[in-house]
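Sequence first, then the predicted structure, then my questions.
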Amino acid sequence: MKTIGLIGGMSWASTVEYYRIINEETMARLGKPHSAKSLIYSVDFAEIEALQRAGRWEEAGRILADAAGRLEAGGADLLVLCTNTMHKIADTITQRVNIPFIHIVDATGAALRAAGITRVGLLATRFTMEEDFYVGRLTKLHGIDVRVPDRPDRDVVHRIIYEELVFNDARAGSKLQFLAIVHRVVEHGAQGVILGCTEIGLLLKQQDCFVPLFDTTRLHAVAAVDLALQ
């Protein structure tokens, strides 16, 4: 098995989920008592979040590229960036290393195509919902028509992510708000919904919804196991 390098801490709550899913998936495929060979470099999210708010993406990219370089030097055979939003600077990371980088949009796009989904809703941070690095890649490379919530709903999703979910704080009231937003996105033609922030899966589960949910944390983690076991 190849060694999986994880750039985590954005937030720690979802990085825990990556580690759990990767090890559970490895054990399911290889049997007990197997677990995944992995390295984790966990950044201080306060530093990254401050750079996001200030629009200093290049500086944030350098921090994550340095983390990627350290993982490669430590023996990682492939890289996973455990966040959707920071894929905005994915090119900065891939230019730094010589090992494969599994892009979260590509893992998600492959799952959507396999499910026959051509129109999908996206719940994520404001950066991910409103900028082209994510929606544009889904559309151009994977042929997916992406529907995002309207501005008030985008504000609600963004606030709950940054004020609650990154601290592993999943509230019943917030779940109800998310479910209402899912309903409105589906009313606008979405056949399913991407949980496009790695913490949203802490709040919404498939059994909560009447349409298919595509949890990017799980899809990304499983894609890492796929490559590690090739």
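Arrived safely, thanks for sending.

tally of neighbours for the closest residue to residue 2 other than its chain neighbours?
Leaving aside its sequence neighbours, residue 2 sits nearest to residue 77 (Cβ to Cβ, 6 or more residues apart in numbering; 3.8 Å). Every C-beta, even on glycine, is put in place using the N, C-alpha and C of the backbone. The number of residues packed near residue 77 is 17, by other Cβ atoms under 10 Å.

try the one 3 residues further on
Look at residue 80: counted by other Cβ under 10 Å, it has 28 neighbours.

Distance from the chain centre to the helix or strand where it lies, please.
Here residue 80, judged by DSSP states H and E, is contained in strand 78-81. Strand 78-81 has its average C-alpha position 12 Å from the chain's average C-alpha position, going by Cα atoms, centre = their mean, to the nearest Å.

what's the helix or strand that comes right after that strand packed up against?
Following strand 78-81 in sequence order, the next helix or strand is helix 90-94 (DSSP H and E). Packing partners of helix 90-94 (3 or more Cβ pairs under 8 Å, 6 or more residues apart in numbering; DSSP states H and E): helix 57-74, strand 78-81, strand 101-102.

Tell me which of these sits most buried.
Mean neighbour count (mean count of other Cβ atoms under 10 Å) peaks for strand 78-81 among these, with a mean of 25.

Where do the domain boundaries of the protein fall?
As recorded under automatic domain parsing, the domains making up the chain are 4-103+219-228, 105-216.

could you dump those to JSON lines with mean pLDDT?
Formatted as JSON lines, the entries for the domains of the chain read as follows, by pLDDT from 0 to 100:
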{"stretch": "domain 4-103+219-228", "mean pLDDT": "98"}
{"stretch": "domain 105-216", "mean pLDDT": "98"}
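
Which element, helix or strand, includes residue 218?
helix 216-228.
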